[in-house]
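Colleague: Just the structure for this:
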Amino acid sequence: MSLAVYIAVMAGVTYLIRMIPFAAFRKQIKSRFFRSFLYYVPYAVLTAMTVPAIFYSTGSVATAAFGTAVALVLAYMDMPLIVVALAASAAALAAGWILPFLRF
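Modeller: Numbers count the residues shown, from 1 in each chain. Below you'll find the model as predicted:
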C-alpha cells in the first residue's frame, strides 16, 4: 500500500475518534458522576503515559527514582517547570555516575 493510503486511513480514524463524542453527546451532560469522571480523564491518561516513561528512560530504575524524587520535592516547593525538569535530569545523571561506585 502507498503512503497516501496510510495517511488517509489514520486521518479518518483520528477524525472519527474526535467526532463521535460530539455526535453522541449533543446535550450538556448533567450527571454529576459522569462529569467528574470526564474531568479527571486527561490527568489519568497523562499519568498513565508519563510514569512508565519516567522509570524506563534512564535504563536504571534507581536513577529514575532519584530524579523523580528530586522533581517531586521541587514541584512541591512551587519551582518553575524548567527548574524542576533540569534539576531532575541533573539528579538522575549524577545518580547514574555515583551509583556504580556504591555497589558492593
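
Colleague: What strand or helix carries residue 30?
Modeller: Using DSSP states H and E, residue 30 sits within no helix or strand.

Colleague: Next, it: phi, psi?
Modeller: When read as degrees, to the nearest 10, the backbone of residue 30 gives phi -100, psi -20.

Colleague: can you check residue 27 too?
Modeller: Per-residue torsions, residue 27: phi -90, psi 160 (degrees, to the nearest 10).

Colleague: residues near it, how many?
Modeller: Residue 27: 5 surrounding residues under other Cβ atoms under 10 Å. In this view, the C-beta of every residue, glycine as well, is placed from N, C-alpha and C.

Colleague: How much space separates it from residue 40?
Modeller: Separation of residue 27 from residue 40 (Cβ to Cβ, to the nearest Å) stands at 22 Å.

Colleague: Repeat that for residue 73.
Modeller: Distance of residue 73 to residue 40, computed by Cβ to Cβ: 25 Å.

Colleague: And the two? Which one has more around it.
Modeller: residue 73 (14 against 10).

Colleague: in the protein, which residue is closest to the centre?
Modeller: residue 50 (2.7 Å; Cα atoms, centre = their mean).

Colleague: which SSE is residue 17 in?
Modeller: Short version, using DSSP H and E: residue 17 is in helix 3-24.

Colleague: those helices in this structure, which residues are they?
Modeller: Assigned by DSSP state H, the chain shows helices spanning 3-24, 32-56, 61-76, 81-102.

Colleague: For the second one, buried residues please.
Modeller: Spelled out, it's helix 32-56. Under the neighbour-count criterion of 16 or more other Cβ atoms under 10 Å, helix 32-56 has residue 54 buried.

Colleague: All further residue positions should be reported with the first residue as 482.
Modeller: All right, first residue 482 from here; so that's helix 513-537.
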